[in-house]
Each structure stands twice: as structure tokens, then as C-alpha cells.
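Colleague: Structure, please.
(one chain, ligands or ions: 1)
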Amino acid sequence: MRIVLDIGGSVLCPEGIPDVNYIKKLSKFVIDLKRKKHRIIIVTGGGKIAKGYIKATRVFKPKEDLLDFIGILGTRMNAMVLIAALGKHAYDRVVRSKDGLEHGIKSGKIVVMGGTVARQTTDAVSIAAAKIFNADLILIGTDVKGIYDKDPNKHRNAKMLKSISAKKLYEVVKVKKHRAGPLTIMDPVAAKLLDYTKIKIIVLNGKDFSNMKKAIYGKKFAGTVIG
Ligand code: UTP
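Modeller: Residues are numbered from 1 along each chain as shown. Prediction:
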């Protein structure tokens, strides 16, 4: 199976420094999948390192693209930590372009990438990469169990959705103007791309490896299916 694992920065780097214990467990999980002949691309989010730098730099009122590039650098720092953790199993460069991705895929190793271009987040990167990779599945690992009807961090009675259509998701997340930094659920660019893809996408808890395994092997799992 060809899998794109989109791991949110909120999971990789929740406090401004990478969560090394989590990254060790993630590496073990992914190396095990590789041993079982699955092919993997991991896309890393920026987390607090990206958000903190974007917030600090915003004081100077720069162009939004500059803030996006700061965010992209944050995502790539997390990607580098993961490459280090994966050792010989990883393609040893952070992929930054379509050409780079194709080279990485040809290497047969686990490919790791962060952000690519401004005005989107790594959710959009995952969907674009999945198309090039001809992926069977995209797993979006976050710090909550899936997509909820309202923000679960703010509302105790928020209910997790078992599924949501790409159209409905786009209606929820679309915004008039792009703004670098934190977003809810998914960025609108990614949600729009989803409308054009047939790849199976599941949003679930990126820390629950046994649940992710169930989702990969078609067993009953906790999470939200988009599509
Ligand atoms: P993330 O992908 O981490 O954003 O990129 P996010 O979804 O808001 O946060 P988490 O990580 O899932 O919690 C961080 C920021 O980097 C810029 C955007 O400003 C984004 O908000 N970015 C990232 C880009 O401009 N392009 C990319 O391809 C990726």
C-alpha cells in the first residue's frame, strides 16, 4: 500500500521544540510499515516553532508570504528531525519540489517533506504529494481524534463526525483572505484539492499508533473519513 502520513505540527512540535519521544515512536511505527512492504511519504507540520515565529514576526507587519515562508521553514525543521530519527530508512533530504519528490520516491526509502509554497498548509502538500505518489491512502494525524462539529478544545459537547464530504468541509473552512499561521480543521486550499481527488483520506489521532494501524488495515478505527 502507498500511504501519505500527514503529521500535524501540534503532534510533532507542541511546545516549540520537537517531541523526541513521540518522534521515536513514530519512526518505529513507520519503519515497521516499510518492513511490511508499504511505501510511505511523511509530511510534517510546523507546530509551535512555525506559529511562534509567525506570531513574533507579524509585529513588523510584513507581507503575508514572508510569514508563510517562515512557517515553511518550521515545517522543514521538523522534517529534518524526523529524517534524523529514521536514519538509513529515510531519503536523506527534505523534499521541497515535485522533482525532489520524484527522486525521493525512486530511492525506495521513506520520504519526508514539509511545506512547499506559500498560501497553504501541509494538508495541501499531502494531497498534492499523494497524487504524484499515486497513494492509496492519506492519514492526517492530529492532536484530536478526528473532525468535530465544533472545536473540541473549546466545546465539551463537540461531537466527532464519522465522515464528512469534501464539499461540506470546503464550505466550513473557506476564507476570503489567506492568513499565515494557525487554522482550524484544514486549510481551504487542501479542502478544495480534496474535491478533485479520489484518494481515501482519514483524519485521526496522530499519537494513537494502534488506531492508525487499524485504519491502514481496514479494521474498525476512530477517526473521520473525508469523501
Ligand atoms: P502547517 O502545515 O503546520 O500549518 O504550516 P497548520 O495546519 O496551521 O498547523 P499544524 O501544524 O497542523 O498544527 C505552518 C504554516 O506554514 C505556512 C503557513 O503559513 C502555515 O500556517 N505554510 C506551510 C505554507 O505557506 N505553505 C506550505 O506548504 C506549508
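Colleague: From now on I want contacts and neighbour counts done on CA atoms only, so please keep to that.
Modeller: Will do.
Colleague: Need the outlier residue of the protein, farthest from its centre.
Modeller: Farthest-out residue of the chain from its mean C-alpha position, per C-alpha atoms, centre = their mean: Phe60, at 28.6 Å.
Colleague: Which strand or helix spans that residue?
Modeller: Here Phe60 is covered by no helix or strand, with elements defined by DSSP states H and E.
Colleague: For it, give its distance to Gly46.
Modeller: The gap separating Phe60 from Gly46 is 21 Å, by C-alpha to C-alpha, to the nearest Å.
Colleague: again with Thr57
Modeller: Per C-alpha to C-alpha, Thr57 is found 15 Å from Gly46.
Colleague: More neighbours: which of these two?
Modeller: Gly46 (34 against 14; other C-alpha atoms under 10 Å).
Colleague: Report the separation between the more buried one and Leu169.
Modeller: Counting by C-alpha to C-alpha, the separation of Gly46 from Leu169 is 22 Å.
Colleague: cool, and Asp151?
Modeller: Going from Asp151 to Leu169 by C-alpha to C-alpha gives 14 Å.
Colleague: more crowded one of these two?
Modeller: Taking neighbours as other C-alpha under 10 Å, Asp151 and Leu169 compare with Leu169 leading, 21 against 16.
Colleague: Briefly note if the particular helix or strand that has Ile72 in it comes near the ligand.
Modeller: Assigned by DSSP H and E, Ile72 falls within helix 64-86. Yes - contact of helix 64-86 with the ligand (C-alpha under 6 Å from any ligand atom) involves 68-69, 71-72, 75.
Colleague: Stretch 112-119 too?
Modeller: Yes - judged by C-alpha under 6 Å from any ligand atom, stretch 112-119 and the ligand are in contact via 115-119.
Colleague: Next, the buried residues of that stretch.
Modeller: 112-116, 118-119 (16 or more other C-alpha atoms under 10 Å).
Colleague: What is the most widely separated pair among those residues?
Modeller: Largest separation among the buried residues of stretch 112-119 by C-alpha to C-alpha: Val112 and Arg119, giving 20.5 Å.
Colleague: quick revisit: mind putting the buried residues of stretch 112-119 in a markdown table, pLDDT and secondary structure included?
Modeller: Formatted as a markdown table, those follow (pLDDT from 0 to 100; DSSP: H, G, I helix; E, B strand; the rest coil):
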| residue | pLDDT | secondary structure |
| --- | --- | --- |
| Val112 | 98 | strand |
| Met113 | 98 | strand |
| Gly114 | 98 | coil |
| Gly115 | 98 | coil |
| Thr116 | 98 | coil |
| Ala118 | 97 | coil |
| Arg119 | 95 | coil |
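Colleague: Out of these, the closest to Lys145 would be?
Modeller: Distances from Lys145 to the buried residues of stretch 112-119, taken by C-alpha to C-alpha, are shortest for Gly114, at 22.3 Å.
Colleague: So the closest one versus His103, what's the distance?
Modeller: Note on Gly114: its distance to His103, by C-alpha to C-alpha, is 16 Å.
Colleague: So which residues on this protein come close to the ligand?
Modeller: Contacts of the chain with the ligand, taken as C-alpha under 6 Å from any ligand atom, map to 8-10, 45-47, 50, 68-69, 71-72, 75, 115-122, 125, 180-183.
Colleague: out of these, which are buried?
Modeller: Neighbour counting over those (16+ other C-alpha under 10 Å) leaves 8-10, 45-47, 50, 68-69, 71-72, 75, 115-116, 118-122, 125, 180-182 as the buried ones.
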